[in-house]
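[1] A predicted structure for the sequence below; I have some questions about it.
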Amino acid sequence: IKICPDGSPVSRTGPNCEFTECPASAPTVSVVQNDTSTWESYANTDYGFSFKHPQDWEVRDLMPANPEDFPKRKFWIGYAPKTVAEDVVGMIEITSYTVSEKMEEFRRINSTSTAAKVLLEEKKVMIAGIDATELTVVNTTTNKTYTYLFFSHKGNTFQVTNRSDDSAVVAQISELLSLQ
């Protein structure tokens, strides 16, 4: 086996047992970007953020009826296509936890959840110019992949959750998150 400049392996073939040619260039991966020019904006001036979402999606208030059950949760919304009645595909939660505390709570809850979730990747990213931590988790029961972003802004900790089959749209929503 020979390793080509693009990292792909080739093996010997033919009557002279020569290596096959390396690919001319690495395969290109195209990412489909949705046209966001017609998307609606959601803004929250109290916590200093906004984002855009498709017109056929809606933002839903997820704050529990008894907020005292979650004393550190300050704000919680979800977003989903209007045709999805009961669930949301993405969420933004704002708490008074530190980022470390919120991530620890997240890990604790997911380790005791009935749905088996496995951490695939943890990496540092930038969200609207702010350092953030991104966790990618797979639910081994449903085989769905979720992305969680954790960052601090104006003294609050944000957790942005993306759990959609339409990961391209949800990823764009995170990319279109603005902080004021």
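    Received, thanks.
[2] max-length helix in this protein?
    The helix spanning the most residues in the chain, taking DSSP state H as the definition, is helix 99-112.
[3] need the next SSE after it, C-terminal direction.
    Next along the chain after helix 99-112, taking DSSP states H and E as the criterion, comes strand 117-127.
[4] for the helix or strand following that following strand, what does the pLDDT average out to?
    Moving toward the C-terminus from strand 117-127, the next helix or strand (DSSP H and E) is strand 130-139. For strand 130-139, the mean per-residue pLDDT is 86.
[5] stretch 147-166 now?
    The predicted model assigns stretch 147-166 a mean pLDDT of 85.
[6] list the buried residues for that stretch?
    Across stretch 147-166, burial judged by 16 or more other C-beta atoms under 10 Å covers 147-153, 156-164. All C-beta spots, glycine's among them, are computed from the backbone N, C-alpha and C.
[7] and the strands in the protein, which stretches?
    Applying DSSP state E to the chain gives strands spanning 2-3, 9-10, 12-13, 18-19, 40-44, 49-53, 57-61, 73-81, 90-95, 117-127, 130-139, 144-153, 156-162, 178-179.
[8] I'd say Asn156 and Thr95 touch.
    Yes - look at Asn156 against Thr95 with C-beta atoms under 8 Å: they come within range, at 7.0 Å.
[9] who touches both of the two?
    Common neighbours of Asn156 and Thr95, counting by C-beta atoms under 8 Å, 6 or more residues apart in numbering, are Lys74.
[10] returning to that earlier point: and the longest helix of the chain, what's buried?
    Buried, per 16+ other C-beta under 10 Å, within helix 99-112: Val99, Lys102, Met103, Phe106, Asn110.
[11] could you save these as JSON lines and add columns showing distance to Leu179 and pLDDT?
    JSON lines is the format used below for the buried residues of helix 99-112 (distance: C-beta to C-beta, whole Å; pLDDT from 0 to 100):
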{"residue": "Val99", "distance to Leu179": "15", "pLDDT": "92"}
{"residue": "Lys102", "distance to Leu179": "17", "pLDDT": "89"}
{"residue": "Met103", "distance to Leu179": "19", "pLDDT": "88"}
{"residue": "Phe106", "distance to Leu179": "21", "pLDDT": "82"}
{"residue": "Asn110", "distance to Leu179": "26", "pLDDT": "75"}
